[in-house]
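> Mind looking at a prediction? Sequence and model below.
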Amino acid sequence: MEVHTTKTKICFVGQSGVGKSSLLSLLQGRKISKETNPTVGLEIEDSVLSGNKVNVWDFGGQERFRFMWQDFLKGAGLAILVCDSTEDSIEKTKEIYRKFSRYIGSKIIAIANKQDLPDALSAEQVEKKLGIPTYGMSAIRVDLRGRIKRILEYEIDSNK
C-alpha cells in the first residue's frame, strides 16, 4: 500500500476520563488498559488512515490543560469530541463544544464512548443532544478496532 506524505491532523477532545487515550490505543492496535492514566497536556502520534499519514492529537481533558486547546486545535482536519455517553458527560461536552468550536476550522464529529455501560445513552440520543454527527463506540472492546478506523477514514475522506 502506498502511503502519502500529506498529514491530516486529528484531535481527540473531551473531558478527562471519557476514553480519548483508549480510543487512540484501539486505533493504534495497542493493548487497552483497564486502568485510567490521565493524559498530561497532550500526546501526539502518527498513524495511517486510507493510505495517508495522519497526526492524532490526544488532549489531556483536565480543566487545567484547557487553556492550551484553542492553540492545539489550529490546523485540525478533523476534531472529535469524545463523551462517555452519560447525561452529565454530554452536558459537559456541549460546554466544551460551545467554548472551543470557533477555534476548529474543520469538521467536528462526536464519539459516544462507553456504549458497553448499562446507563449509556445511544449514539442517536447523544447526537440529538449535541447536534453533531455522533458514532457509538466502546474503546475497551478490541473487536471494535476496525470500526474506529473506518469511522475516521470515512470522516477524513468525506472532508476532501
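Received, thanks.

> tell me the contacts of the nearest residue to Ser138 once chain neighbours are set aside?
Ranked by CB to CB, 6 or more residues apart in numbering and with sequence neighbours excluded, the top spatial neighbour of Ser138 is Asp116, at 4.2 Å. (C-beta placed from N, C-alpha, C; glycine too.) With contacts defined as CB atoms under 8 Å, 6 or more residues apart in numbering, the neighbours of Asp116 are 138, 140-141.

> now do Tyr103
69-70, 73-74.

> And the buried ones among the residues you listed, selectable in PyMOL?
With 16 or more other CB atoms under 10 Å as the criterion, this PyMOL line picks the buried residues out of the contacts of Tyr103:
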select buried, resi 69+73
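
> what about the chain, any weak spots by pLDDT?
Across the chain, residues meeting the criterion (pLDDT under 70) sit at 1-6, 41, 159-160.

> where's the closest residue to Lys34 other than its chain neighbours relative to Gly131, distance?
In this structure, Lys34 finds its nearest non-sequential neighbour in Ile140, 7.1 Å apart by CB to CB, 6+ apart. Note on Ile140: its distance to Gly131, by CB to CB, to the nearest Å, is 27 Å.

> so is Lys74 in a helix, a strand, or just coil?
coil (DSSP: H, G, I helix; E, B strand; the rest coil).

> Now do the helices in the chain.
Along the chain, the segments classed as helices by DSSP state H run 20-28, 69-72, 87-100, 123-130, 145-157.

> Columns distance to Cys11 on top of the ones you listed, output as JSON lines?
As requested, the helices of the chain are exported to JSON lines (distance: least, CB to CB, whole Å):
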{"stretch": "helix 20-28", "distance to Cys11": "10"}
{"stretch": "helix 69-72", "distance to Cys11": "7"}
{"stretch": "helix 87-100", "distance to Cys11": "10"}
{"stretch": "helix 123-130", "distance to Cys11": "16"}
{"stretch": "helix 145-157", "distance to Cys11": "12"}
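
> contacting residues around stretch 143-159?
Under the contact criterion CB under 8 Å, 6+ apart, stretch 143-159 has outside partners 8, 10, 23, 26-27, 29, 49-50, 52, 54, 77-78, 80, 106-107, 109, 111, 135, 137-139.
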